[in-house]
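> Output the structure for:
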Amino acid sequence: MSTIQDSTPADLAVSRLKRSSTPFRWQTFFVAAILAAVFLTSWFDTGMSIGSLLGGAGFMRDYLVGNPEISGSAFFPPTLILSDIRVYVMAMIETLEMAVVALFFSILVAVPLSLFASRNILRILLPGHSLITRTLRTGIYLAASLVANVFRSINEIVWALFFVSAVGLGPMAGILALAVHTAGVLCKLLAEGNEAIDPGPVEALSATGAGFLKIITFAVVPQTMPHFISMVLYRFESDVRSASILGFVGAGGIGFYLFDKVRSFENGDVTTIIIIIVVTVWLIDKLSAYIREKFI
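Numbers count the residues shown, from 1 in each chain. Down below sits the predicted model:
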């Protein structure tokens, strides 16, 4: 029988690697048990029930089939009237335009805000270890994070209600709502990207006496650009989907027609609108994948 004394350093290293890489550790089972408890508690507290879903499937089928005595109440077939489709396509284009303008404004806000919400960037802007410097860095970080949290914690529809009361019904309220919410989300995502950069190039430029803007331009931006492009594309896709329902509160776009047709039980038109939205999002997804493949 071999003993520890007989084992070579290589054998000991392999043994340690096996012990460290095995998933059957008490910590793994402990975390799994906590996750299972959280899931089961959430399941029962929210009233989830597979039986209710199976029992209500018939009502869902009746809703989709519609009332035979009411014309257009069925979801299938979709409406194929060209004049209506033209109206919905133009509304979808308006929805896309809303997302584009909102994304532009959100980037203008999120990029500088994300710099102030990144601890490593603040250390470049305000170097030093004095109490005043550390307090100032912490204050700026907390203020920027708070603003971003407020922006992204409030749903786009709630923001849209606020802006509708200010600028009235129409796409402008939707654009502003999307811009504010997306600015908060983008700030969070971009700040995480900023804090994950390699500090080597930053330290190298700092050693040469380079200023804040020079370090950001030549050491930070080149590292964060792929992450920036990926997050902006992700938010554009998300904004298009969100803009599609902002019309429910009068903030323009194809959501206005979707809400109107849902309320009037013109479900054939609802299906047509949903198909236009799905096709548009699919095309955007393909375009985003192409851009990511080329530039990231």
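> got any ranges where the stretch 151-296 of the chain has weak pLDDT?
For the stretch 151-296 of the chain, the stretches with pLDDT under 70 are 296.
> Please enumerate the helices of the stretch 151-296 of the chain.
156-167, 171-195, 199-207, 212-215, 221-246, 254-263, 267-295 (DSSP state H, counting those that start in this stretch).
> Tell me, how many residues neighbour A183?
Using other CB atoms under 10 Å, A183 has 26 neighbouring residues. In this view, the C-beta of every residue, glycine as well, is placed from N, C-alpha and C.
> Now do the contacts for the closest residue to I277 other than its chain neighbours.
Spatial nearest neighbour of I277, excluding adjacent residues (CB to CB, 6 or more residues apart in numbering): S244 at 5.2 Å. S244 makes contact with T95, G253, I254, G255, L258, I277, according to CB atoms under 8 Å, 6 or more residues apart in numbering.
> quick one: S244 and F259, what's the gap?
10 Å (CB to CB, to the nearest Å).
> Please tabulate the helices of the stretch 151-296 of the chain in JSON lines and include distance to A117 as additional columns.
Putting these into JSON lines (distance: least, CB to CB, whole Å) gives the following:
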{"stretch": "helix 156-167", "distance to A117": "20"}
{"stretch": "helix 171-195", "distance to A117": "4"}
{"stretch": "helix 199-207", "distance to A117": "17"}
{"stretch": "helix 212-215", "distance to A117": "16"}
{"stretch": "helix 221-246", "distance to A117": "13"}
{"stretch": "helix 254-263", "distance to A117": "31"}
{"stretch": "helix 267-295", "distance to A117": "25"}
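> so of these, which one's packed in deepest?
Mean neighbour count (mean count of other CB atoms under 10 Å) peaks for helix 171-195 among the helices of the stretch 151-296 of the chain, with a mean of 24.
> what about the helices of the stretch 151-296 of the chain, which gets the closest to R86?
Closest approach to R86 among the helices of the stretch 151-296 of the chain is made by helix 267-295 (10.9 Å; CB to CB).
> So which elements touch that closest one?
helix 82-116, helix 221-246, helix 254-263 (3 or more CB pairs under 8 Å, 6 or more residues apart in numbering; DSSP states H and E).
> how about those helices in CSV, adding distance to S153?
Converted to CSV, these look like this (distance: least, CB to CB, whole Å):
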stretch, distance to S153
helix 82-116, 15
helix 221-246, 15
helix 254-263, 22
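> Quick one: closest of these to D285.
With CB to CB as the criterion, D285 lies closest to helix 221-246 of these, at 6.4 Å.
> Okay, the residue nearest to A143 when sequence neighbours are not counted and A251: tell me how far apart.
Residue nearest to A143 in three dimensions, not counting chain neighbours: F116, with 7.5 Å by CB to CB, 6+ apart. Plainly put, F116 is 29 Å away from A251 if you go by CB to CB.
> quick one: which of the two has more around it?
Between F116 and A251, counted using other CB under 10 Å, A251 has the larger neighbour count: 30 against 20.
> Just list the residues touching the more buried one, thanks.
Contact partners of A251, counting by CB under 8 Å, 6+ apart, are A160, F163, V164, L169, G170, P171, A173, G174, A177.
> Cheers, nothing more for now.
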